[in-house]
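Participant: just a sequence and a predicted model for now, questions to come.
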Protein chains: 2
Amino acid sequence: MTYRFPEKLQRTSRNLILEVVERGRSIPGFISFAMGNPAMETIPVELMRECVQEAFADDPMAVLQYGPMVGEKALIDWIRNRLVNQKGFPAEGNQIILLSGSGKGLGLVPRTLCGEGDEAYCDQFCFPNATASMMNVGAVPVGIPMDDEGMIPEALEAKAKSGKGTYVYLIPNFHNPMGTTISGRRRKELYEVASKYDLMIYEDDPYGEIRFAGEALPSFKSMDTDGRVIYAGSFSKTLSAGLRAGYLYAPDAVAKKLAAVKVADGQEPLLNQKIIAKCLAKMDYDEHLWSISQVYGRKCKLMAEGLQRYCSERCRILVPEGGMFVWVELPEDISVDDVSEASINAGVGVVKSAAFAVDPGCPGNALRLNFSALPDEQIAKGVEIFGRVTREFCDK
Amino acid sequence: MTYRFPEKLQRTSRNLILEVVERGRSIPGFISFAMGNPAMETIPVELMRECVQEAFADDPMAVLQYGPMVGEKALIDWIRNRLVNQKGFPAEGNQIILLSGSGKGLGLVPRTLCGEGDEAYCDQFCFPNATASMMNVGAVPVGIPMDDEGMIPEALEAKAKSGKGTYVYLIPNFHNPMGTTISGRRRKELYEVASKYDLMIYEDDPYGEIRFAGEALPSFKSMDTDGRVIYAGSFSKTLSAGLRAGYLYAPDAVAKKLAAVKVADGQEPLLNQKIIAKCLAKMDYDEHLWSISQVYGRKCKLMAEGLQRYCSERCRILVPEGGMFVWVELPEDISVDDVSEASINAGVGVVKSAAFAVDPGCPGNALRLNFSALPDEQIAKGVEIFGRVTREFCDK
């Protein structure tokens, strides 16, 4: 049998994040800043235990038999209420599509919006699943330069002039991998460019509710007068990543198409949605967000202060106002490959910017460090080791 | 905002199955043979309750935190053991890919195997999600004529000569919608045609283990010397549809590509997989299959005997050896639209063959009736009413 796969799947890229994890397996006492797991201590385990039992006990057949294709109504209602009444999202003309994890949207959106050869725009350093999903449908991910305020509108416009664009993928708050938050001014400008070139905006906001510094900014969706924004929200970072509950909030016409594509994949499990819905009904979610933000803020501070103390002064450390990641830029004359290699060999896993580079020819010279997954003492120890490595390379 | 969707999504078809369900909502006492829900009484509710609690209690963090991308190892091991040691599947050179429902494969396979304009072959009457998923990636579903032994090999060959084919989609056992089982001879012949034209075979087998008459036949996968068969199995019809547990067993090279496409959609929930794995570990699955097959056999007999008794003798009733569906062919001079309309108005939902027709120009003249979802007394009552309707049209 000769296996032939379509042209669009020929371009495969290495998963540099998983490679770090794999390497770490053979290094005793390895401290991994590579993954993006939420902090264990923020998951409400006992409440979840109660909700799991109740979600089943209420009506076992409702979770064991086929259920409504749209998913758990109580969860849809809770989300809609929050988005409209608390976040100022447009109440009319949009629908919620429940997904088993907002990550499912990364595939669903390009499947629905893009044909082969269409362009999709994203940050020059981007969450790899987002760009892989574009490529999987034969669309072309085009990386747009960023600065400390996020994607540069003029750079987006320069690319959008091709007329081949379909949507702009953005993580507006506490960007993965860079930690950047798009400024208020920038949000308006990016929206204007999207309007001018008739692009949809895919606002992926899994981290937005974990803010431990600064002020919350209006989302793209809240300023969406044209109906061009698909907002993706998640409970993975705030309640449970494993239960896989996320959603899209999309304009009616788009939601209808998204649902039609999704329906052919079959139904998603209701049990998980019911557990999350129960959990939300029983807790004060805002209180919970405040409390977990304290944990993330403490861990971030620990990492940032350690990096500032131990790293070479020639490194530029970008400390976020929320989320999970710190971004460390190396001086131009220092090889990020050498530093990440040395750090891994010294027992500390970090991910080099090439893992996120949309254009393989522009791999960048920076590293992503996650501060949410590990206990405080490991963070403290890991940054000290990593800092020493940077000094060895930068200050010799 | 002007919404533009890719060319491939322009062709949308009505969901005639859901239309019957919708119509039924406003008809008091409606008896619906339209859906394909498993029989409630075959779901092991109490065992599931125990498994739900244990799956969480064993290690809450394992279900609440991100887990391994491949899914629950215990479930993979159980499935592999069964496929290889009990069903004679090739042990080497294939991998299991867990899916939240085997229906997920309907989307995943064409996403992985087809580019725009490629052809995919299927029965002339086919499960609509399978063909919708082909169209969603811009592939062209080509319906192949069938007879009582399933797809006709010569007819497949005639189409495969185009050279544009990628895979053949088959439901070999107790076909949805027709209930047909592909004969042993036919399986060999179809495999030979696939070999000759280098086509993959997507063997979708959600009903295969619910056999209440006749002898089990070798699966395509068990005769797969070339590595061209992707086998899809499911626990939806045998344990629980709502928990969404299914899988593909695919040749290594294909499995690798399938997994790469799937990985970008994000992880699937582990809790559900753990519940199913626990359930399988605690039960005698073969004993369970025997016992539920008795239930399905009883319901099928009830429906078939009722149809034979009450329908016009001019109807041809295809009684399956397993699965969930009976197929009723009307005489050529009778309009299936009129009969299905009259049946619905008389309070009995049936689905006309047009709902499954791959070529809208060949809608067929038959009806699908499900016997698994309803209690016995409703089946008995429903077939009497439906039978009377056929007599009114056929025997006047």
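Facilitator: In hand now; what should we look at? Numbering: from 1, shown residues only, chains lettered A, B, ... in the order given.
Participant: nearest spatial neighbour of the closest residue to chain B within the stretch 151-300 of chain A, chain-adjacent residues omitted?
Facilitator: Closest residue of the stretch 151-300 of chain A to chain B, C-beta to the nearest C-beta: residue A:266 (2.5 Å). The way it works is simple: take the backbone N, C-alpha and C, and place the C-beta from them, glycine included. The shortest distance from residue A:266 to any non-neighbouring residue, by C-beta to C-beta, 6 or more residues apart in numbering or on different chains, is to residue B:103 (2.5 Å).
Participant: again with residue A:326
Facilitator: residue A:369 (4.7 Å).
Participant: please apply the same query to residue A:11.
Facilitator: residue A:135 (6.0 Å).
Participant: model confidence over the helix or strand harbouring the one you found, on average?
Facilitator: Using DSSP states H and E, residue A:135 sits within helix A:128-136. Per-residue pLDDT over helix A:128-136 has a mean of 95.
Participant: got it, and stretch A:207-227?
Facilitator: On average, stretch A:207-227 scores 97.
Participant: so, in contact with chain B or not, that stretch?
Facilitator: Yes. Counting by C-beta under 8 Å from any C-beta of the partner chain, chain B has neighbours in stretch A:207-227: A:226, A:227.
Participant: quick check, distance from that stretch to the centre of its chain.
Facilitator: 14 Å (C-alpha atoms, centre = their mean, to the nearest Å).
Participant: which stretches in chain A count as helices?
Facilitator: A:16-25, A:45-57, A:60-64, A:73-85, A:104-113, A:128-136, A:153-160, A:184-196, A:252-263, A:270-282, A:285-310, A:336-345, A:376-394 (DSSP state H).
Participant: most tightly packed of the ones you listed?
Facilitator: Of the helices of chain A, the one with the most neighbours on average (mean count of other C-beta atoms under 10 Å in any protein chain shown) is helix A:104-113, at a mean of 27.
Participant: quick one: that helix to helix B:128-136, angle?
Facilitator: 70 degrees (axes from the mean of the first three to the mean of the last three C-alpha atoms, to 10 degrees).
Participant: helices and strands around helix A:104-113, which ones?
Facilitator: helix A:128-136, strand A:165-170, strand A:200-204, strand A:229-234, strand A:246-251, helix A:252-263 (3 or more C-beta pairs under 8 Å, 6 or more residues apart in numbering or on different chains; DSSP states H and E).
Participant: who does the fourth one pair up with?
Facilitator: Sheet pairing for strand A:229-234, assigned by DSSP bridges, gives strand A:200-204 (parallel), strand A:246-251 (antiparallel).
Participant: could these go into CSV alongside mean pLDDT and mean neighbour count?
Facilitator: What follows is the strands paired with strand A:229-234, written out as CSV (pLDDT from 0 to 100; neighbours: other C-beta atoms under 10 Å in any protein chain shown):
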stretch, mean pLDDT, mean neighbour count
strand A:200-204, 98, 26
strand A:246-251, 98, 25
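Participant: who wins for proximity to residue A:49 among those?
Facilitator: strand A:246-251 (22.0 Å; C-beta to C-beta).
Participant: contacts for the closest one?
Facilitator: A:76, A:79, A:83, A:89, A:93-105, A:108-109, A:206, A:221, A:227-236, A:255, A:258, B:1, B:3 (C-beta atoms under 8 Å, 6 or more residues apart in numbering or on different chains).
Participant: of those, just the buried ones, ChimeraX syntax please.
Facilitator: This is the ChimeraX syntax for the buried subset of the contacts of strand A:246-251, where burial follows 16 or more other C-beta atoms under 10 Å in any protein chain shown:
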select /A:76,79,83,89,94,95,96,97,98,99,100,101,102,103,104,105,108,109,206,221,227,228,229,230,231,232,233,234,235,236,255,258 /B:1
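Participant: need the contact list for the closest residue to residue A:299 other than its chain neighbours.
Facilitator: Distances taken as C-beta to C-beta, 6+ apart put residue A:371 closest to residue A:299, at 4.5 Å, once the chain neighbours are dropped. Taking C-beta under 8 Å, 6+ apart, we find residue A:371 in contact with A:33, A:296, A:299, A:300, A:302, A:303, A:324, A:325, A:326, A:379.
Participant: same thing with residue A:17?
Facilitator: Counting by C-beta under 8 Å, 6+ apart, residue A:17 makes contact with A:34, A:35, A:128, A:351, A:355.
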